[in-house]
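[1] pasting the sequence and the predicted model now:
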Amino acid sequence: MPGRWWVMALTGAYAVLWLGGVLAHLVWRKTPEGAGWTAPAFLGCAAALVFVAEAGARRWLAGVGIAGLLVELIGATTGLPFGRYSYTDVLQPQLAGVPAAMFCAWVILIAYVKALLEPLGWSRRRGVAIGAAWMTAIDLAIDPVATQALDFWRWHAPGAYYAIPLSNFAGWFLVSALLLASGWRLPSGSAATLRIGRSVVLFFGFLAAAHGLIAPSAVAFTLTALDLILRRAVEEQPKRQAETGLG
């Protein structure tokens, strides 16, 4: 386990990047010139904090990140399973045309959704299905920002939702379900992972609002509210069980 100072420094860097990114888009509606490194650094810090928090699931999460990169490579090359798209040069560095930051993105979001839903005690089938739907809802918030505001990638055939093809969301559901199912029973789900995941969703919610993307912003803030409601329900479970036992 890294020393507390190292974790605090990483957390501080993440917080500065989060706040700086939100303020830049609220004020200037763009990333300042020469600050292109901040997006991969932001995702890198978030993923590193997740790996620190999830000591019992690090190998699985590394596999999730690698699988996510491979799926992105296949998707950018063949159009499967998301639809035809290609990455721009905005996110660097890249591996065979796919930004390395996508490794981080898959790690963060899969770890977050699993941490959010697993404590509810649902069956694996139900948890994975709802988790994949939650991941798809997150993409409803992220993808319009990533394409229209940040120009991270471009769709070759514009679709019905902010020029995004519906096949993208079907692909997200499928890939998310497979990744969640692969590690559903592993010990994971720290409070730090929840905070990081929640903050990433909020980050894109604020950027969507800054660029007038109303539906994506509403989705992000709604998901955050539902997250907090579920978290409170989980925290109150032991209290209710104790009260029931006393009764």
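    Here it is on my side, so go on. Numbers count the residues shown, from 1 in each chain.

[2] ok, now which ones touch the residue nearest in space to the middle of the chain?
    In the chain, the C-alpha nearest the mean C-alpha coordinate belongs to residue 109, at 3.1 Å (C-alpha atoms, centre = their mean). Listed by C-beta atoms under 8 Å, 6 or more residues apart in numbering, the contact partners of residue 109 are 135, 138, 197, 200. For glycine as for every other residue, the C-beta is placed from the backbone atoms N, C-alpha and C.

[3] that one should be in a helix, yeah?
    Yes. Counting by DSSP: H, G, I helix; E, B strand; the rest coil, residue 109 is part of a helix.

[4] next one: it from residue 172, what distance?
    Distance from residue 109 to residue 172, counting by C-beta to C-beta, to the nearest Å: 10 Å.

[5] could you do residue 203 as well?
    Where residue 172 is concerned, residue 203 sits at a distance of 19 Å (C-beta to C-beta).

[6] same check, this time on residue 67
    For residue 67 relative to residue 172 (C-beta to C-beta), the value is 14 Å.

[7] ok, now residue 196?
    With C-beta to C-beta as the criterion, residue 196 and residue 172 are 20 Å apart.

[8] how about residue 197?
    Residue 197 is 16 Å from residue 172, by C-beta to C-beta.

[9] mind listing the strands for the protein?
    85-87, 94-95, 98-99, 153-155 (DSSP state E).

[10] tell me which of those sits most buried.
    Neighbour counts (mean count of other C-beta atoms under 10 Å) averaged over each of these peak at strand 98-99, with a mean of 24.

[11] rewinding a little: show only the entries of the contacts of residue 109 found in helices.
    The helices, defined by DSSP state H, take in 135, 138, 197, 200 from the contacts of residue 109.

[12] what residues does the first one make contact with?
    Contact partners of residue 135, counting by C-beta under 8 Å, 6+ apart, are 109-110, 113, 172-173, 176, 180.

[13] so which of those residues is the closest to residue 44?
    residue 109 (14.5 Å; C-beta to C-beta).
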